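*Asks:* from the sequence below, what's the structure:
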Amino acid sequence: MDQQIQQAISIFESAVAAVQPRQFMRACLGADHILGETLPLSGRIYVLGAGKAAASMAKEAEEILGDRITQGFVVTHQPTPFHLKKIASIVAGHPVPDLNSLIATTTMLEVARGIHPDDIVIFLLSGGASSLLADVPHGASMEEVQSLFDSLLKSGADIKEMNTVRKHLSAIKGGQLAQRLNPAKVYTIILSDVPGDDPAVIGSGPTIPDPSTFAEAWAVLEKYQISSSLRDHIKQGMDELLPETPVVLDNSIYKIAASNRTALKAASAKATEMGFHTQILPELVTGEAREAGIHLARLSIDYKGPFPACILAGGETTVQVKGSGRGGRNQELALAAGIQLAAAPHVTFLSAGTDGIDGPTDAAGAIVSADIMQHGPEDPVSFLDNNDAWHFFSSAGSLIKTGHTHTNVMDIMIILLQKPVDL
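*Replies:* Numbering: from 1, shown residues only. Sure thing, here's the model as predicted:
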């Protein structure tokens, strides 16, 4: 393997390792405290959670609290390699909800009904919860919800827009779970996977106050021209026939324990250790994936600083799916960048999701260089236009496959630059 490719992968692995729950849970939770407050010496403690990191966060909670946990339940997206002793778990659908998503919601609400005012609830929240913890509006069907989720995913809507709609089709999202748990105190430990780290957006915030409205949800459907029979439900909310999500929750305390910035700092430390002059771009990478790829590639080509260099960026892009190919936002971004970098042999470019899964594929992302582009299939532009980056990189042998990482803090882009031969 080319040394620079190996270095880029090693830097990415350091970023992912830094946002594993074992790295941040103990800063939030101890045997006698949580989020800066004292846990009572007696009383019942419940642990609930949803998201791609929920099970691994639950494992850490069990190790910290042990038999103090009265009952627990979490929903995640993949079977875990470890066994939870006190906390039950279920695997549900992502990025589109399935029957287990409904079962998870029903189970969590059943647990909520048994919680007393003096109990403590610890909620473990990470990205993916919007799909994993799903319900169906009254009179609608699961198929209608799945269809709308799928349309949102393909529309090019960003995560805030998608979750605004999702929250207003639910009786548990957007702070409504905490509302049901009131007056019991709810402590939420959050692993952020959204630009800006807005806790109300992460996983559709089941225990977080939510300022979004039915009117905003309707505006998203209009903006992306999404047709759905569930629009009637949103319209009812706009007509004040349904309650808005709670803007204030007196029983909710929360903290973002780790984020994309945490991962980028670890990546920077690793790159510096390797001898690179390292910088982290201040702005998150958002917007259309291919446009972001082109921008980052041009930034790489125009770089005028000291060599060897490592430019790091984080964020989450979107893809408006128009083709019939296979891929994810990171692979699309990398292919768009690679097309620009085909004549820049001094640049190695990696883009990958920290959760290990990029779109409906088996890859976390991809890595490109001039050599990879030259040995890949002909006409990479046709692959990009067909949203078919997976097949391009599969043929080129440069997909990044980590498997599920059991964490999730958006995406990482790593650009390694050696001194060009003409300088």
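*Asks:* in the stretch 201-350 of the chain, which spans are strands?
*Replies:* Along the stretch 201-350 of the chain, counting by DSSP state E, counting those that start in this stretch, strands occupy 252-258, 277-280, 309-315, 347-353.
*Asks:* which one of those lies closest to Gly325?
*Replies:* strand 347-353 (17.1 Å; C-beta to C-beta). For every residue, glycine as well, the C-beta is placed using N, CA and C.
*Asks:* now that closest one against strand 309-315, angle please.
*Replies:* Calculated by axes from the mean of the first three to the mean of the last three C-alpha atoms, to 10 degrees, strand 347-353 forms an angle of 20 degrees with strand 309-315.
*Asks:* what are the pairing partners of strand 347-353, and which direction each?
*Replies:* Using DSSP bridges, the strands paired with strand 347-353 in its sheet are strand 365-369 (antiparallel), strand 411-417 (antiparallel).
*Asks:* pick the most buried one from the strands of the stretch 201-350 of the chain.
*Replies:* Most buried of the strands of the stretch 201-350 of the chain, by mean neighbour count (mean count of other C-beta atoms under 10 Å): strand 347-353, with a mean of 29.
*Asks:* give me the mean pLDDT for that one.
*Replies:* Regarding strand 347-353, the rounded mean pLDDT is 98.
*Asks:* one step back: I'd like the strands of the stretch 201-350 of the chain laid out as JSON lines, including distance to Thr106.
*Replies:* Output for these, formatted as JSON lines (distance: least, C-beta to C-beta, whole Å):
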{"stretch": "strand 252-258", "distance to Thr106": "22"}
{"stretch": "strand 277-280", "distance to Thr106": "43"}
{"stretch": "strand 309-315", "distance to Thr106": "35"}
{"stretch": "strand 347-353", "distance to Thr106": "30"}
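*Asks:* before we move on, back to that, which one of the strands paired with strand 347-353 is the most hemmed in?
*Replies:* Each of these was assessed for mean neighbour count using mean count of other C-beta under 10 Å. The highest is strand 365-369, with a mean of 29.
*Asks:* can I get the CA coordinates of that one in PDB?
*Replies:* Listed next in PDB are the C-alpha coordinates belonging to strand 365-369 (Å, rounded to 0.1, in the frame of the first residue of the first chain):
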ATOM      1  CA  GLY A 365     -15.900   6.100   2.200                       C
ATOM      2  CA  ALA A 366     -13.100   6.200  -0.200                       C
ATOM      3  CA  ILE A 367      -9.500   7.400  -0.800                       C
ATOM      4  CA  VAL A 368      -8.200   8.900  -4.000                       C
ATOM      5  CA  SER A 369      -5.000  10.000  -5.600                       C
END
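*Asks:* C-terminal to it, which secondary structure element comes first?
*Replies:* helix 370-375 (DSSP states H and E).
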